[in-house]
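**Q** Sequence first, predicted coordinates after that:
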Number of protein chains: 2
Amino acid sequence: MELTRQQLEDGIKKAGILDINSATIRQIVGLSKAMEQETGEEYIHLELGNPGLMAEEIGIAAEKAALDRGVANKYPDITGVAELKTAGSKFVKAFLDIDVPSRCIIPTVGSMQACFTLMTLLKQKDPGKDSLLLFTPFFPAQSHQAKLIGFNRVTMDIADYRGDKLRGRLEELLSSGKFAAMLYSNPNNPSWSNFTDKELKIIGEMATKYDVPVIEDLAYLGMDFRKDFSKPYQPPFIPTVAKYTNNYILLISASKIFSYAGQRVAIVCMSPEVYSRNYPEIERFYEMPNFGDAYIFGVLYMASSGVAHSAQFAMAEMLERAADGTLPFIAHTKEYGRRGGRMRQIFEDNGFHLVYAKDGEDEISDGFFFTVGYGNLTSEELQKELMRFGVCTIPLPSTGSTKDGVRVCVSMMTDEKHFDTLGKRLKRFHETHQLINQS
Amino acid sequence: MELTRQQLEDGIKKAGILDINSATIRQIVGLSKAMEQETGEEYIHLELGNPGLMAEEIGIAAEKAALDRGVANKYPDITGVAELKTAGSKFVKAFLDIDVPSRCIIPTVGSMQACFTLMTLLKQKDPGKDSLLLFTPFFPAQSHQAKLIGFNRVTMDIADYRGDKLRGRLEELLSSGKFAAMLYSNPNNPSWSNFTDKELKIIGEMATKYDVPVIEDLAYLGMDFRKDFSKPYQPPFIPTVAKYTNNYILLISASKIFSYAGQRVAIVCMSPEVYSRNYPEIERFYEMPNFGDAYIFGVLYMASSGVAHSAQFAMAEMLERAADGTLPFIAHTKEYGRRGGRMRQIFEDNGFHLVYAKDGEDEISDGFFFTVGYGNLTSEELQKELMRFGVCTIPLPSTGSTKDGVRVCVSMMTDEKHFDTLGKRLKRFHETHQLINQS
């Protein structure tokens, strides 16, 4: 596939996209479909984050068994089915080495619902704290959620404040007293950076010092493949801020770690201190004594009356079997690392560089996402040029990043021919742009 | 079971209930469990609205088949799976005789999510319209949702404005220009009133005249058993405001009509006019052209990224088979009418009266809920006295009602011995209160 600049610009116009940097993923998908129709050729789709593996079979078996037992006619307990709460508690002990009692494990309709509903309550808890600190780059939807909730969104790019710089910047921001919470994903979507232990310690200390709860989104838990986190109850454990503060809320979704995105199920793991914390404003509004109860009975109940009954049993089984070592979920997702490594090589062979490249002294892991730039092309230029050459990504500004580049997702590279095609197209891209640079 | 006044008051205190009229259902359930432990006897539970029938088997079969086909690893299309959208469109044509194109049929995680997310967008659409008109009595959660969204809640009791009075009151309220929407359930939870065609026509005309969208919650669709609505595509059709205005949004949940509450799935049916309506404030905020798109891509996506994939196929199959006449869902739910009729007789035999008793000239239907009062006891007195005698209900003030009485749900009366026990307990109640009145 090769489009002229004019062809692409016409397509962008037709797709109703005013600025490709602020286009939604859906708009970019729409644009790519239109171009595919026009040319009769398919894009290499690197823009979508659908799981590229089959759902864990034991989850499906557990879900079908639950349906056969007759769970479909009963409202699920809004606090979560007991099996899921217990399994969640075991899972975080096995892989993160932290103690979260089952009452603080709360199922949600994916981490999307978790994030949306937590933000709702965090925004209310203290009327003076109207700001949310978002580490960038981020999953764009979380920023939209914060906007919808009415937060003042403050961003800081992880690449600009690595290591010791992180403390200074957090001190500067959090000491304002304006922040209701801070939010990041680790591994980071989309840069695949991982905070070092030192950085997590700094974040934890700041969360405690300034009483700002941390939402740690572990959507890609265990997918830092540089270390072997696969053995339950044995070090190394998956790094988490929960080791360094009690002011944490962890989000663990079945979508990616168990390739279970279709069934919309996740758990919120709240520290007992966060759960039991009393805020006068929350007590006044919800007539409930603490944050955790208000979250469950005051917010989650209102948001959907709970999570599909059978899906809760599916996640319970997967967490349980992961913790007892019989479901090697990290070995399964390692396929993303393999794909990522190959793709990175193809990009680098054709003149691209990683935008977010290091964690401290170490190269980042290969995983579900990575970020690439090319020469001194801006995000907009690179996004458009890649689209001209049949490669669909999303531009980094849509992830809150201030860097030039695009986000690449490895999940749809399910076939050998995808790698071949990607290689050929990037080669053409590179040849063309080298020619441009020489002219 | 018979408790002294002191025993009950002690229990209420221990349960942390300050005012039983504003206690949540959950608090009342908690109180009943504590009393059951204390006495070793079980309550007759009339407070909970769990389906009392088995889930429709064809739904479960469809759900298992979808899981076997491999839907669990794929994010569901946020607009809804095509099969569900088409089936929803057929279903409303078959039973309500209205035309809603499949693009305007949108799945949600139960009608709880539908209501919560619709309120979110309705509150935004026009900054000058900050009020929501709630017809009472209501399902308490919907009022809590409106509070959480930040609506100014205005209530009007259906019993006070039946027939021609309805027009005057609506004119008076809606002409203020303050209302973003109005909301009711029909059949009404908990009174089991049904608006007459004349009343629906008035509501529809007012919705059009004052441009106030109506949310019609059809959670108990078809459960006005006075008429035979069971034949698809044949009159009589289930009455709906959609016959009288284009300014409607219908909520159809699988929870009660298919006894599928556990899987949390429902559809929103928006009129094409509501879907396509442009509001400058919505376009500004969501950068999307109309209400329907902003609802799906701007709100529902943020709320949960869609509805469990397999549950969507379950609901699709149930709607489809209902519409083609092979799933006699109304015949199945008619069991609630049978239970309701027997229970009403038992209450009336023991001196109780229906609080909401008439639809126009007609007696109300028997169904999932009804409301009873006793002599001149207040709601609080009646709730407490019934609890003393082993019958657990919820007081009417928690449903926004201004009348004295309690709400009774028939669903948990699954066994002949429940009816016997209810009869005996109400007899003791009646004897005791007659004695009190005579003394």
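**A** Great, that's in hand.

**Q** residue boundaries of the helices in the stretch 101-250 of chain A?
**A** A:110-124, A:140-149, A:164-174, A:197-209 (DSSP state H, counting those that start in this stretch).

**Q** Could you single out the most deeply buried of those?
**A** Ranked by mean neighbour count, the helices of the stretch 101-250 of chain A are led by helix A:110-124 with a mean of 25 (mean count of other Cβ atoms under 10 Å in any protein chain shown). For glycine as for every other residue, the C-beta is placed from the backbone atoms N, C-alpha and C.

**Q** For the helices of the stretch 101-250 of chain A, give me JSON lines that also has distance to chain B and mean pLDDT.
**A** Shown next, in JSON lines, are the helices of the stretch 101-250 of chain A (distance: least, Cβ to the nearest Cβ, whole Å; pLDDT from 0 to 100):
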{"stretch": "helix A:110-124", "distance to chain B": "4", "mean pLDDT": "98"}
{"stretch": "helix A:140-149", "distance to chain B": "5", "mean pLDDT": "96"}
{"stretch": "helix A:164-174", "distance to chain B": "25", "mean pLDDT": "97"}
{"stretch": "helix A:197-209", "distance to chain B": "25", "mean pLDDT": "98"}
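
**Q** Distance to A:A219 added to those, as JSON lines?
**A** JSON lines is the format used below for those (distance: least, Cβ to Cβ, whole Å):
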{"stretch": "helix A:110-124", "distance to A:A219": "6"}
{"stretch": "helix A:140-149", "distance to A:A219": "10"}
{"stretch": "helix A:164-174", "distance to A:A219": "22"}
{"stretch": "helix A:197-209", "distance to A:A219": "17"}
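
**Q** Tell me which of the ones you listed lies nearest to A:N247.
**A** helix A:197-209 (4.3 Å; Cβ to Cβ).

**Q** how much space between the residue lying closest to A:F291 once chain neighbours are set aside and chain B?
**A** Leaving aside its sequence neighbours, A:F291 sits nearest to A:R277 (Cβ to Cβ, 6 or more residues apart in numbering or on different chains; 4.8 Å). Distance, A:R277 to chain B, using Cβ to the nearest Cβ, to the nearest Å: 18 Å.

**Q** next one: A:Y184
**A** With Cβ to the nearest Cβ as the criterion, A:Y184 and chain B are 18 Å apart.

**Q** repeat for A:A323
**A** In this view, A:A323 and chain B are 21 Å apart by Cβ to the nearest Cβ.

**Q** ok, that residue - contacts?
**A** A:87, A:90-91, A:93-95, A:232 (Cβ atoms under 8 Å, 6 or more residues apart in numbering or on different chains).

**Q** what about 10 Å?
**A** Applying Cβ atoms under 10 Å, 6 or more residues apart in numbering or on different chains to A:A323 gives the contacts A:87-95, A:232-233.

**Q** Would you mind listing the buried residues in the longest helix that chain A contains?
**A** Looking across chain A with DSSP state H, the single longest helix is helix A:416-438. Within helix A:416-438, the residues that count as buried by 16 or more other Cβ atoms under 10 Å in any protein chain shown are A:418-419, A:421-423, A:425-426, A:428-430, A:433.

**Q** again, but for stretch A:68-80
**A** By neighbour count with 16+ other Cβ under 10 Å, stretch A:68-80 contains the buried residues A:71-76, A:78-80.

**Q** how about that stretch as CSV, C-alpha atoms only?
**A** Only the C-alpha atoms of stretch A:68-80 are listed here, as CSV (Å, rounded to 0.1, in the frame of the first residue of the first chain):
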residue,chain,number,x,y,z
ASP,A,68,-24.7,-24.4,34.5
ARG,A,69,-24.9,-24.0,38.3
GLY,A,70,-27.5,-21.4,37.7
VAL,A,71,-25.8,-18.1,38.6
ALA,A,72,-27.5,-16.1,35.7
ASN,A,73,-30.7,-15.3,37.5
LYS,A,74,-29.2,-13.9,40.7
TYR,A,75,-27.8,-10.4,41.2
PRO,A,76,-24.1,-10.9,42.0
ASP,A,77,-23.2,-9.8,45.5
ILE,A,78,-22.1,-6.2,45.0
THR,A,79,-19.0,-6.7,47.1
GLY,A,80,-18.0,-9.5,44.7
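
**Q** hmm, back to that, so which of the helices of the stretch 101-250 of chain A gets nearest A:Q383?
**A** helix A:140-149 (14.1 Å).

**Q** Report the distance from the closest one to the chain centre.
**A** Averaging C-alpha positions (Cα atoms, centre = their mean, to the nearest Å) puts helix A:140-149 13 Å from its chain's average.

**Q** ok, A:A180 to chain B distance?
**A** A:A180 is 17 Å from chain B, by Cβ to the nearest Cβ.

**Q** Touching, that residue and A:Q124? I think so.
**A** Yes - A:A180 lies in contact with A:Q124 (Cβ atoms under 10 Å); the separation is 8.8 Å.

**Q** Next, show the common contact partners of the two.
**A** Counting by Cβ under 10 Å, 6+ apart, the residues touching both A:A180 and A:Q124 are A:I149.

**Q** and the closest residue to chain B within the stretch 151-300 of chain A, backbone torsions?
**A** The minimum distance from the stretch 151-300 of chain A to chain B, using Cβ to the nearest Cβ, falls at A:G262 (3.6 Å). Backbone torsions of A:G262, given as degrees, to the nearest 10, read phi -70, psi -30.

**Q** Assign a three-state SS to A:G367, would you?
**A** coil (DSSP: H, G, I helix; E, B strand; the rest coil).

**Q** Which residues are in contact with it?
**A** Counted by Cβ under 10 Å, 6+ apart, A:G367 has contacts A:187-189, A:192, A:194, A:220, A:222-226, A:256, A:333-334, A:336-337, A:339-341, A:410.

**Q** repeat for A:Q27
**A** Contact analysis of A:Q27 by Cβ under 10 Å, 6+ apart lists A:12, A:15-18, A:20, A:394, A:398, B:287-288, B:297.

**Q** buried set for stretch A:395-410?
**A** For stretch A:395-410, by 16+ other Cβ under 10 Å, it's A:395-401, A:403-410.

**Q** ok now it, how far from the chain's centre?
**A** So, by Cα atoms, centre = their mean, the centroid of stretch A:395-410 is 14 Å from its chain's centroid.

**Q** okay, that stretch in CSV with CA atoms only?
**A** Provided in CSV are the C-alpha atoms of stretch A:395-410 (Å, rounded to 0.1, in the frame of the first residue of the first chain):
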residue,chain,number,x,y,z
PRO,A,395,0.4,9.5,17.3
LEU,A,396,2.1,10.1,20.7
PRO,A,397,0.4,13.4,21.5
SER,A,398,-2.9,11.5,21.9
THR,A,399,-1.2,9.6,24.8
GLY,A,400,-0.4,12.9,26.6
SER,A,401,3.3,12.6,25.5
THR,A,402,5.3,15.7,24.7
LYS,A,403,7.7,13.6,22.5
ASP,A,404,7.6,13.1,18.8
GLY,A,405,6.7,9.6,17.7
VAL,A,406,3.9,7.0,17.5
ARG,A,407,2.6,4.2,19.6
VAL,A,408,2.9,0.6,18.2
CYS,A,409,0.9,-2.3,19.5
VAL,A,410,2.2,-5.8,18.8
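
**Q** and that stretch, average pLDDT?
**A** Average pLDDT, stretch A:395-410: 96.
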